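1. I would like the atomic coordinates for the input below:
(2 chains)
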Amino acid sequence: MDLTILTHAVPLTAIICLVYSNSRFELPERILRSALVMFIKTISFLGVLYAFLLWLSR
Amino acid sequence: MRNTRVNLKNPLIAALLAYLIPGAGHWYQGRRFKATIYSVCILSLFIWGMILGNWQPVYSQLVYQTDRVTPQMEKKVPTTKFSFGYAAQFFNGAMALPALVQESRLRNEQVRIDHLDSELQSDFVGMVSDFSGRGDDLQIVTGTMTIAPVNPSGGEAVTGTLKASAADGMVVEYGLGGQIRLGREVFGSPRREIECRIVSVDGEELNIDKTLRGTISRSFLNWYQAPCDSQELDRLHGDLSRKFDIASVFTWIAGLLNLLAIWDAADGPAYGYGNEKPEDEEDDDEDAPKKP
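-> The predicted model follows:
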């Protein structure tokens, strides 16, 4: 798998999390906290998925 | 339900501004922090996609080849099909609206394939075909072309030169003439098709029939976000591989994210202000139903 292509997923996830959380709340602290939690969850999920696919493709 | 703690001013104006420029609606409402996040995130995602895709991922229509000639050389109004990706890209607002302008220009253009208005000077990439009856001999050439109509007011007869280097590195000056065939002015490709005759090589007149076929540069304003054909998409995929698909997806996502921004500008934050009392406060799984 091409790692340079995969690296696009990290900032893309960050942008999606920020914009989504921005549309849910009004307070900056709440927006940032919610975006951070969502980012960690999403990146963890993608990491697990990538590791699983890597294991399958061995 | 609309949050009364947020002053939305005129929600319709805010939504329209948010559509046109991501974040502009929130700036108008005085929600500067949110405006900054929307504009930085959405604009950078869109521009990032455009850069990855050589500024070509946005187009509203795909042109189909219905005749033996390529869509660029077709005199009639081209057959097109809506690009479904544009349904998402449309919500990028002003950044994606040039696609509609270019679509209109393509449909209403007075196509004059057999006509050159004034002198053209451009880089050229193409090939020389020799139809002398001894079999087709194709030679790939690149160089600088200067071509002008024989009649100063414009016409189909042209004259000019092509200073070109062949694949073997030899530099040759071709004299150009005959009738020109020039691809349509507005089209979603940075390269414009051109075809004419070669009348001389390094000053010596030819007694056999040679044709020059290739492409010259098309101005940015005539190809940016204009409808393109599958041949151009094939070329982009060949040059950029998966990057072009990623670029397209980025511009789609940017448009869909701006939908959230438009909604927020018109109706306020979906889950509330963010510092509600504990009994109203939801955890990060905000969608989960509350316990009684």
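
2. show me what contacts the most centrally placed residue in chain B?
-> Taking CA atoms, centre = their mean, the centroid of chain B lies closest to B:Gln225, which sits 3.0 Å from it. Counting by CB atoms under 8 Å, 6 or more residues apart in numbering or on different chains, B:Gln225 touches B:58-60, B:96, B:98-99, B:101-102, B:188. No exception for glycine: its C-beta is placed from N, CA and C like everyone else's.

3. in those residues, find the pair that's most separated.
-> Largest separation among the contacts of B:Gln225 by CB to CB: B:Ala96 and B:Gly188, giving 13.8 Å.

4. so between those two, which is more surrounded?
-> Each of B:Ala96 and B:Gly188 has its neighbours counted (other CB atoms under 10 Å in any protein chain shown); B:Gly188 has more, 28 against 22.

5. leaving out chain neighbours, which residue sits closest to the more buried one?
-> B:Cys228 (2.9 Å; CB to CB, 6 or more residues apart in numbering or on different chains).

6. quick one, what contacts that neighbour?
-> B:56, B:59, B:62-63, B:187-189.

7. how does it look with 6 Å?
-> Contacts for B:Cys228 (CB atoms under 6 Å, 6 or more residues apart in numbering or on different chains) come out as B:59, B:188-189.

8. make CSV from those and add secondary structure to it.
-> Listed next are these as CSV, based on DSSP: H, G, I helix; E, B strand; the rest coil:
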residue, secondary structure
B:Tyr59, coil
B:Gly188, coil
B:Ser189, coil
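
9. what parts of chain B come near chain A?
-> Proximity of chain B to chain A, by CB under 6 Å from any CB of the partner chain, involves residues B:6, B:33-34, B:37, B:41, B:45, B:242, B:246, B:257, B:260, B:264, B:269-271, B:273-275, B:284.

10. hmm, which of those are the buried ones?
-> B:6, B:34, B:37, B:41, B:45, B:246, B:257, B:260, B:264, B:269, B:271, B:273-274 (16 or more other CB atoms under 10 Å in any protein chain shown).

11. need the worst-confidence member of those residues.
-> Among these, B:Gly274 carries the weakest pLDDT, at 80.

12. just the closest residue of chain B to chain A, please.
-> Nearest residue of chain B to chain A: B:Gly274, at 3.2 Å (CB to the nearest CB).

13. any low-confidence regions in the chain?
-> Assuming you mean chain A. By pLDDT under 70, the weakly predicted segments of chain A are A:1-3.

14. wait, chain B
-> B:1-3, B:131-137, B:278-292.

15. and B:Leu43, what element?
-> Under the criterion of DSSP states H and E, B:Leu43 resides in helix B:32-52.

16. any buried residues in the helix or strand that that helix is followed by, and which?
-> Following helix B:32-52 in sequence order, the next helix or strand is strand B:61-64 (DSSP H and E). Within strand B:61-64, the residues that count as buried by 16+ other CB under 10 Å are B:61-63.

17. same for strand B:61-64, what does it pack against?
-> strand B:79-82 (3 or more CB pairs under 6 Å, 6 or more residues apart in numbering or on different chains; DSSP states H and E).

18. list the helices and strands the strand it packs on packs on?
-> Counting contacts by 3+ CB pairs under 6 Å, 6+ apart, strand B:79-82 packs against strand B:61-64.

19. cutoff 10 Å now
-> strand B:61-64, helix B:98-108 (3 or more CB pairs under 10 Å, 6 or more residues apart in numbering or on different chains; DSSP states H and E).

20. list the buried residues for it?
-> Those would be B:Thr80, for strand B:79-82 by 16+ other CB under 10 Å.

21. in its sheet, what does it sit against?
-> strand B:61-64 (antiparallel) (DSSP bridges).

22. what parts of chain A come near chain B?
-> Contact residues, chain A versus chain B (CB under 10 Å from any CB of the partner chain): A:2, A:4-5, A:8-9, A:11-12, A:14-38, A:41.

23. I'd like the buried residues of strand B:61-64 written out as JSON lines, with distance to B:Arg112 added.
-> As requested, the buried residues of strand B:61-64 are exported to JSON lines (distance: CB to CB, whole Å):
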{"residue": "B:Gln61", "distance to B:Arg112": "21"}
{"residue": "B:Leu62", "distance to B:Arg112": "24"}
{"residue": "B:Val63", "distance to B:Arg112": "18"}
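
24. which ones are touching A:Leu27?
-> Contact partners of A:Leu27, counting by CB atoms under 10 Å, 6 or more residues apart in numbering or on different chains, are A:33-34, B:33, B:269, B:272-275.

25. tell me which residues in stretch B:167-185 are buried?
-> B:172, B:174-178, B:180-185.

26. any idea how far the residue nearest to B:Gly188 lies from B:Asp239?
-> B:Cys228 sits 14 Å away from B:Asp239, going by CB to CB, to the nearest Å.

27. what about the residues of chain B next to chain A, which are in helices?
-> If you go by DSSP state H, the residues of chain B next to chain A have B:33-34, B:37, B:41, B:45, B:242, B:246, B:257, B:260, B:264 in helices.

28. any chance of the residues you listed in JSON lines, plus distance to B:Met127?
-> Converted to JSON lines, these look like this (distance: CB to CB, whole Å):
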{"residue": "B:Phe33", "distance to B:Met127": "57"}
{"residue": "B:Lys34", "distance to B:Met127": "55"}
{"residue": "B:Ile37", "distance to B:Met127": "51"}
{"residue": "B:Cys41", "distance to B:Met127": "46"}
{"residue": "B:Leu45", "distance to B:Met127": "40"}
{"residue": "B:Arg242", "distance to B:Met127": "29"}
{"residue": "B:Ile246", "distance to B:Met127": "33"}
{"residue": "B:Leu257", "distance to B:Met127": "45"}
{"residue": "B:Leu260", "distance to B:Met127": "50"}
{"residue": "B:Asp264", "distance to B:Met127": "55"}
